[in-house]
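3D, please:
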Amino acid sequence: MPWRSMLAVPDQAGPARVVSSESESLILVDEQDNPIGYKSKGDCHDGDGLLHRAFSVFLFNPDGRLLIQQRAPGKRLWPGFWANSCCSHPRAGEDMDTATGRRIEEELGLRASLQFIYKFRYQARYQDLGSEHELCWVYVGRTTDDQIRPNPSEIADWRFVEPAEVDRMVNDETAPIAPWFRLEWKALRNEYSEKVANALTMG
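The predicted model follows:
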């Protein structure tokens, strides 16, 4: 399958910068997404995970193709798996606009205007290394920038993919797809397609 192979794009890579750590402070939330405290990223992902605030970004180019990334091999959870354009967490004291902008620049070397689509809670365990347990805000946006500079500390590979190919990827249960990407893409396609189309038109 085409998404199983690695692309050699060293000339397009940005500098390898460490932009996250297990010690950074994340925002704990309740089921209604109300902040209830702070814990380190490491603590949030240990065991079955502590519910914390997160975000996922889906960036499309002018041709309507989705930017996807392969997670770096040094990632604690789901290393080497394919995921959506960008995903991370707001830190303690950080709002979503600041957090999403920061992370898109840190991972991809990009700036993008985003539109919020929906949020949901999910929990997924990766082997015996920990879990994601997140209240995740999902955004879409457009990028016209073809000068992507992925941070090798975060991203092993990337590509723009036609939506129909993304459908095939997420529907293949044997494909190395991050669980949140699978859940979010299906929701965007099946439940929020009109909202996504409107957001991309606005963007």
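
mean pLDDT per helix and strand in this protein: which one sits at the bottom?
helix 193-202 (a mean of 91; mean pLDDT, DSSP states H and E).

can you list the residues that contact it?
For helix 193-202, contacts defined as CB atoms under 8 Å, 6 or more residues apart in numbering pick out 60, 115, 117-118, 140-142, 188. No exception for glycine: its C-beta is placed from N, CA and C like everyone else's.

how close does the most centrally placed residue in the chain sit to H133?
Geometric centre of the chain, nearest residue: C87, 2.4 Å, by CA atoms, centre = their mean. C87 sits 14 Å away from H133, going by CB to CB, to the nearest Å.

quick one: the strands in the chain?
Ranges of strands in the chain, per DSSP state E, are 25-29, 35-40, 52-60, 66-71, 82-83, 86-88, 113-126, 130-142, 155-161.

which ones are touching E184?
56, 58, 84, 136, 138.

tell me how many other residues surround C44.
For C44, the number of neighbouring residues by other CB atoms under 10 Å comes to 26.

surely it and H52 touch.
Yes: the pair C44 / H52 is scored as a contact, 4.7 Å apart, by CB atoms under 8 Å.

for those two, list the residues in contact with both.
Common neighbours of C44 and H52 (CB under 8 Å, 6+ apart) are 26, 28, 133.

in JSON lines, list those residues along with pLDDT, neighbour count and distance to L77.
Below are those laid out as JSON lines (pLDDT from 0 to 100; neighbours: other CB atoms under 10 Å; distance: CB to CB, whole Å):
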{"residue": "L26", "pLDDT": "98", "neighbour count": "25", "distance to L77": "14"}
{"residue": "L28", "pLDDT": "98", "neighbour count": "19", "distance to L77": "18"}
{"residue": "H133", "pLDDT": "98", "neighbour count": "19", "distance to L77": "11"}
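
which among those residues gets closest to Y192?
Minimum distance to Y192 across the shared contacts of C44 and H52 is 22.6 Å, recorded for H133 (CB to CB).

no further queries at this time; thank you.
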